[in-house]
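A.B. asks: Just need the structure, nothing else, for what follows:
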Amino acid sequence: MFIMSMLFVLLAVWAVMHGHHIATKLFNWGAFKPSFSLRYFSTTGLLIFAMSGAELAAPYIVQIRDPKHEFPKAMWMLALMTGFLTIFGTLALAMFFNAHHIPHDFKMNGPYYAFQLLGESLGWGKVLMYIFAVVQAIFMMAQLAVLLDASSRVFAGDVADKYMPKWLTGKKDKTGRPVHSYTLTCGLALFLLLLTGTLPNINSIYNWLLNINGIISPYKTCWVFFAFVMLRMHQDKFHSNYVFIKNKTGALIMGWWCLIFTFICATLGFIPQEAEATFGSAAFNHQLIMNIITVIVLFGLGFLLPWLRKREEKREMNM
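C.D. replies: Next up is the predicted model:
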C-alpha cells in the first residue's frame, strides 16, 4: 500500500508537469489556512487516529532480532513514511479534487476516484483504479488479520492472568493464542455492525465507522501516554534498554502535553461530523447517541474484565 501511495504521488506530479489542470489552487495563503469551527476541531481526533497504531507492534517486539536497536529505527521509519504521505499525498489529491467541492462519498471511495482520475489523465483508462482495488483488498485483509492477532496477543500477555478472566485466556490453540479472545474481538465487531444498521445508507455507515475511530483510538492512546507518564514518574522502579527521552522533566512535560491534547481531541470527536448532521437535527442526535453508546460499551468492557477476574480470585480463595 505504501508503494501504491508513493506511485500516486509521483505520477500525480508527472501528470501536472505534462499539462494536467490542477483542481485546487494550492499556492496561496487561503488554500492552506484552515476554516476554524467546532466541526473542524471535532475532526482532530481523526488526525491522531491516522498517526496512531504503532502500539499494535508492542506484542511483536520480543520477536524482533535486536529490539533495543531495531524497534526505535522501525518507529522512526514509520513516522517518516506517515508524515511524507500525509503531506505530499494531500497535495497530490488537491491536484485532482477541488477542495471546495469534494464528493459526498469521498471518505469511502476517494482513493478509487483518485486513481481513476490519475489513470484517465495519463491516458491509461481505469487500469490504475483496478490495480489499486486489488492491492486495497489484500491490504484490508492483512490489516484485519494483524488487528485481530495483535489484540488477541494483548489478552495473552504477561499480565493476562492478573486482569483477564480465565474463560477468556484459558483455552489456547497450538500456537498459544487464546481462542476466546478472538471470539470476543469478533463479537465486538459484530456489535458495531449491528449498531450501524440504524444508519440510512452504506456511505453513512462507512463515515460513522471511520469517525468513531477518531474517538476510540485517541482515548486508547491516552492510556498509552498515561502509562508513559506513570512509568517516568516512577522510573527508579523500572528498567528499560530503550528510553525515548532521557531527561525526566522533559519526558513528563512531553507526556502530559500529549495526554491532555489527545484527550481533548478524543472528546471533541463525539460531535457528529457529517454535513447532514446539523446541530439539533435528528441525524445529529442519532449519531451522538451512537458515539456515546459505543464508548461506554467498549471502555466499560475494559473495566468489567478486571472486575470479573477479581471475583474469580475471591471465589478461588474461598474454595
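A.B. asks: mind checking the SS state of residue 162?
C.D. replies: helix (DSSP: H, G, I helix; E, B strand; the rest coil).
A.B. asks: neighbours around it, how many?
C.D. replies: Residues near residue 162, counting by other C-beta atoms under 10 Å, number 11. Using the backbone N, CA and C atoms, a C-beta is placed for each residue, glycine as well.
A.B. asks: Check residue 315 too.
C.D. replies: Residue 315 is flanked by 9 other residues according to other C-beta under 10 Å.
A.B. asks: Residue 304 versus that one, what's the distance?
C.D. replies: As judged by C-beta to C-beta, to the nearest Å, residue 315 and residue 304 stand 17 Å apart.
A.B. asks: what does residue 143 give?
C.D. replies: From residue 143 over to residue 304 (counting by C-beta to C-beta), the distance is 27 Å.
A.B. asks: give me the element the nearest residue to residue 127 once chain neighbours are set aside is part of.
C.D. replies: What sits nearest to residue 127 in space, not counting adjacent residues and going by C-beta to C-beta, 6 or more residues apart in numbering, is residue 119, at 5.6 Å. Using DSSP states H and E, residue 119 sits in helix 106-122.
A.B. asks: Beyond that helix, next helix or strand please.
C.D. replies: Taking DSSP H and E as the definition, the helix or strand that follows helix 106-122 towards the C-terminus is helix 127-155.
A.B. asks: what does the model give the residue nearest the centre of the chain for pLDDT?
C.D. replies: Relative to the mean C-alpha position of the chain, the nearest C-alpha, by C-alpha atoms, centre = their mean, is the one of residue 49, at 3.7 Å. According to the predicted model, the pLDDT of residue 49 comes to 83.
A.B. asks: Which residue is the nearest non-sequential neighbour of it?
C.D. replies: Take residue 49 and drop its neighbours on the chain: the residue closest to it by C-beta to C-beta, 6+ apart is residue 217, 4.1 Å away.
A.B. asks: Tally up the residues packed near that neighbour, please.
C.D. replies: Summarising burial for residue 217: neighbours were counted as other C-beta under 10 Å, giving 22.
A.B. asks: Quick check: it vs residue 50, distance?
C.D. replies: Note on residue 217: its distance to residue 50, by C-beta to C-beta, is 9 Å.
A.B. asks: how far out from the middle of the chain is the one helix or strand the residue nearest to residue 49 maps to?
C.D. replies: Of the helices and strands defined by DSSP H and E, residue 217 is found in helix 202-233. Remark: helix 202-233 is offset 7 Å from the chain centroid, using C-alpha atoms, centre = their mean, to the nearest Å.
A.B. asks: That one packs against which elements?
C.D. replies: Applying 3 or more C-beta pairs under 8 Å, 6 or more residues apart in numbering; DSSP states H and E, one finds that helix 202-233 makes contact with helix 44-51, helix 106-122, helix 179-196, helix 248-268, helix 282-318.
A.B. asks: Using PDB, list the CA coordinates for the third one.
C.D. replies: Looking back up the chat, that one is helix 179-196. The C-alpha trace of helix 179-196 is given here as PDB (Å, rounded to 0.1, in the frame of the first residue of the first chain):
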ATOM      1  CA  VAL A 179      -9.200 -18.700  21.200                       C
ATOM      2  CA  HIS A 180     -11.900 -17.000  23.200                       C
ATOM      3  CA  SER A 181     -10.100 -13.600  22.900                       C
ATOM      4  CA  TYR A 182     -10.600 -13.900  19.100                       C
ATOM      5  CA  THR A 183     -14.300 -14.700  19.800                       C
ATOM      6  CA  LEU A 184     -14.600 -11.600  22.000                       C
ATOM      7  CA  THR A 185     -12.900  -9.400  19.300                       C
ATOM      8  CA  CYS A 186     -15.300 -10.700  16.600                       C
ATOM      9  CA  GLY A 187     -18.200 -10.200  19.000                       C
ATOM     10  CA  LEU A 188     -17.300  -6.500  19.400                       C
ATOM     11  CA  ALA A 189     -17.000  -6.100  15.700                       C
ATOM     12  CA  LEU A 190     -20.500  -7.600  15.300                       C
ATOM     13  CA  PHE A 191     -21.800  -5.200  17.900                       C
ATOM     14  CA  LEU A 192     -20.600  -2.200  15.900                       C
ATOM     15  CA  LEU A 193     -22.000  -3.600  12.700                       C
ATOM     16  CA  LEU A 194     -25.400  -4.200  14.300                       C
ATOM     17  CA  LEU A 195     -25.300  -0.600  15.700                       C
ATOM     18  CA  THR A 196     -24.600   0.800  12.200                       C
END
